[in-house]
Every structure is written in C-alpha cells, then in structure tokens.
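Visitor: Return a 3D structure for these sequence lines:
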Amino acid sequence: MKLTKGQIEELYTFTRKHYVEHYDLQTELVDHLSNGIEEQWQYNPKLAFDDALQVEFKKFGVFGFMNVVEKRQKAMSNRYRKILYGFVKEWFQLPKLLTTIAIFILFFLVLHLKQASYILMGSILILVAVDLYHQFKRRKKEKAQKLKKGKVFLLESMINDTENGVSIMLFGNIFNVLQIMRFNFSELHSYWLVLIAIVATLLCLVFYITAYVMPSKAQELLEETYPEYNLI
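Guide: Here you go, the predicted structure:
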C-alpha cells in the first residue's frame, strides 16, 4: 500500500508545521516518514494515516526533527566552507594571484601614508554604501524568485544569509572600525604593516566572494548539490 500524492503533501505540511523550513530537509524527512508509514501498513493495512504518522514522528524523540535538522545543517555548513575555500584558493593561483598581490601591495603602500586612516575610512564608507545598494536590489530579486518558486534549499539560504551577514557585520561595527582607523599606521614597523595588509587582503577577498561571487554562481552550485533543483 502506497501513499497518495495528497498524503505526501500532508507530510510536507507536517514538516513545515514542525519548523523545518528548507525544502531539501523537508524532502528527506518526508521520504523517511513515508517509508515508515508504508512499512506499518504492510503489517496493519487498516491503520489510519494520521495514526501511522504519529507513530513515525514519535520515533524522532522528544525534540522531534531538531536533531536531524542540526546534523543536516552541520553537514551543509561543511560543504559551504569547502565551496568558499575553493573560491578563495582560486585567488592564490594564476592569473587571479596577480590581482591578490596587487591588492596586498596597495594596502601595504597606503598604510605607509600619514593619511592612511582617512583613505581607509573613506574606502569603507563607500564600500558599505555601494554594498547596501546592491543588497537592496538583490533582496527584491530574491523575494520575487521565492514567491515564484515557493521553495528554499538549505545551501541557497546559507549563501544568502552569509552574503547579508558579512555586510551587516561590517555596517553594524562601522563605528568601531572608524575608531581603529584613527590610529597612525605609518608609525608601525614594516612587519606589522605586512601582517595588517595580509589580513585586509584576505578580508577583502572573503567579502567579495561571499557578497558577489557565490550569489552569482548560486544557480550552478544549487544544481550541482541538488539534482532535483531544476525540477522545482
């Protein structure tokens, strides 16, 4: 005895009611629940669908789907970090390595100037303003896509959340950053300037990759991760 399409839709609704937001996690749980229910029907064909569902749900324990969701999120976080590392790694290989070196040299030279704090301060303010503008445009586009598609995948959510999170973190700490920028970097020893330039270069790369590169390649990454993505 197999579940009907209507009963499968009820399982999706059931997972959403129990705070499982992402479609890939919902699908994984629906598959698990449906297999369990069909197995129960083999021994007791007269068992009601709702009763069989409650039996399967109780097997997840007191915390319901929480443990499964946490494990899946942890696994997907590891995948996300590997993807991010792969994109960062590209900037330390030719031809992008030349751009990375150029960014480092630019930071290093600017830090030698007495006006370094003002230059960096102005650059950060311009960066924040430009990024907020791009975020506003992207959010409108994402909202329209979400309404059209109606389903959000875990990796898709991570890409969008990290993109927004980096910008929010920078904007939220802008006054702390400005306080740091008042420091006279030109008085520091050269090896400190090298270290600061390296850190600044890495931060620039991570910001650019999470805010622009990964969102632009989101479709490709999602199709690679979820074979069913194109069917949605």
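
Visitor: Following the chain onward from whichever strand or helix holds L33, which element is next?
Guide: When elements are assigned from DSSP states H and E, L33 belongs to helix 23-43. Tracing the chain past helix 23-43, the next element assigned as helix or strand by DSSP H and E is helix 49-58.

Visitor: outside of that next one, which residues touch it?
Guide: Contacts to helix 49-58, defined as C-beta atoms under 8 Å, 6 or more residues apart in numbering, come from residues 3, 7, 10-11, 14, 32-33, 36-37, 40-41, 64. C-beta: built from backbone N, CA, C; applies to glycine.

Visitor: Which PyMOL command selects the buried ones in these?
Guide: Buried members of these, defined by 16 or more other C-beta atoms under 10 Å, are picked up in PyMOL with:
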select buried, resi 3+10+11+14+32+33+36+37+40+41+64
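
Visitor: how about JSON lines for the contacts of helix 49-58, with distance to V110 added?
Guide: As requested, the contacts of helix 49-58 are arranged in JSON lines below (distance: C-beta to C-beta, whole Å):
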{"residue": "L3", "distance to V110": "64"}
{"residue": "Q7", "distance to V110": "64"}
{"residue": "E10", "distance to V110": "61"}
{"residue": "L11", "distance to V110": "58"}
{"residue": "F14", "distance to V110": "57"}
{"residue": "H32", "distance to V110": "55"}
{"residue": "L33", "distance to V110": "58"}
{"residue": "G36", "distance to V110": "62"}
{"residue": "I37", "distance to V110": "64"}
{"residue": "Q40", "distance to V110": "68"}
{"residue": "W41", "distance to V110": "70"}
{"residue": "G64", "distance to V110": "53"}
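
Visitor: Check which helices and strands the helix holding L33 sits against.
Guide: helix 5-17, helix 49-58, helix 66-90, helix 154-172 (3 or more C-beta pairs under 8 Å, 6 or more residues apart in numbering; DSSP states H and E).

Visitor: To L120, which of those helices lies closest?
Guide: helix 154-172 (12.9 Å; C-beta to C-beta).

Visitor: mean pLDDT lowest for which of the helices and strands packed on helix 23-43?
Guide: Among the helices and strands packed on helix 23-43, helix 154-172 carries the lowest mean pLDDT, a mean of 71.

Visitor: For K82, give its distance to K140.
Guide: 30 Å (C-beta to C-beta, to the nearest Å).

Visitor: actually D50, not the one I typed
Guide: According to C-beta to C-beta, D50 and K140 sit 41 Å apart.

Visitor: pLDDT-wise, which helix or strand of the protein ranks last?
Guide: Counting by mean pLDDT, DSSP states H and E, the weakest-scoring helix or strand in the chain turns out to be helix 174-181, with a mean of 59.
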